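> Sequence first, then the predicted structure, then my questions.
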Amino acid sequence: MSEPNFLGRGLRVGLDWEFSKTRQNVNVSFTEPWLMGTPTELSISLFNRIQNQVRQQFFSDRRRGGSIRIGRPFPWFDYTSVFTSYRYEEVELTDFSDAYEGSLRDIDWPQRTSSVGFTLLRNSTDNPFHPTRGTRTVLRNRWTGGEFLGGDVRFQEYEMEFSWYQQLLWKFVLEVRDAASILDGYDSPDQVPDYELYRLGGNRGNALRGYDFYEVVPDGNPEFIGGRFKHTLSYEVSFPIAAPTVYGLFFYDSGNTWNSFREADL
């Protein structure tokens, strides 16, 4: 999930429509970065996403719902903005494979997810799309369910991501990206649904390039049970092929996921 950097006045409306063998997604979004003549950003989105079964997924995952987010520059700190958001979605898992032996078959689908989130963003990069210098830091949390928010699930998530950019020879740019996330229940770790746990691999979502989708799970876990803590570290060198639209890159990714922060071995 990326965060805008208050690029200036104007209205942005987006429609993403993606159909492939493993993904069928529709996303409609509306963004006003200068609401009512103030540096206040308002974003609204509606989505219907279907992740069909790939080898390590064990089920089809459909999520539909919407979100609203509002943010402003943070006073007294340069390059810094704060956001608050609300998200509602319905999650429905179907078409379980014969190899899946977990408890998700027994759930009464769909499950309703109602959550609020807060984000602190500091972005000192020189370009929102292909930075050549600066840093980008994101601290994000999400609280789901409870007496106030309702829904069928109750858990919390905390995320940190830091990226550093430096131009090398010619137009080669080095990016170093360090990211960590943790999931927990309010009363017990078992409150985190299995379908929210971190299974790393592939190049989307919980990405770890060089591995197949959902391939990396905590040591000793069944391959369909992910972890509650993850950490990834990436080194990436990008270069323009036909700027500003086509870029190439070399990358080195590392990472893992564990059942708890205490088990983590970085």
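Structure's in. What do you need?
> May I see the buried residues of the helix or strand that contains N141?
Secondary structure from DSSP states H and E places N141 in strand 133-144. Buried residues in strand 133-144, counted by 16 or more other CB atoms under 10 Å: 134-138, 140, 142-144. (C-beta placed from N, C-alpha, C; glycine too.)
> Give me the residues contacting that strand.
Residues outside strand 133-144 that contact it (CB atoms under 8 Å, 6 or more residues apart in numbering) are 1, 3, 87, 113-126, 149, 151, 153-167.
> any idea which helix or strand comes after that strand?
Sequence order places strand 155-167 as the next helix or strand after strand 133-144, per DSSP H and E.
> Just list what that following strand packs against, helices and strands only.
When contacts are defined as 3 or more CB pairs under 8 Å, 6 or more residues apart in numbering; DSSP states H and E, strand 155-167 sits against strand 133-144, strand 173-184.
> closest one to A243 among those?
Comparing those against A243 with CB to CB, the closest turns out to be strand 173-184 (11.6 Å).
> what's the angle from that closest one to strand 155-167?
Between strand 173-184 and strand 155-167, the angle comes out at 170 degrees (axes from the mean of the first three to the mean of the last three CA atoms, to 10 degrees).
> Give me the buried positions along strand 173-184.
173, 175, 177, 179-184.
> what's the next secondary structure element after that strand?
Downstream of strand 173-184, the first helix or strand assigned by DSSP H and E is strand 229-242.
> Just give the strands next to the helix or strand following that following strand in its sheet, each with its orientation.
With elements assigned by DSSP H and E, the helix or strand that comes after strand 229-242 is strand 246-258. Strands that pair with strand 246-258, judged by DSSP bridges, come out as strand 229-242 (antiparallel).
> so how far is the strand it pairs with off the chain centroid?
Chain-centre distance of strand 229-242: 16 Å, with CA atoms, centre = their mean, to the nearest Å.
> any idea how far W34 lies from P73?
12 Å (CB to CB, to the nearest Å).
> no, scratch that, I was asking about V246
Using CB to CB, V246 is found at 33 Å from P73.
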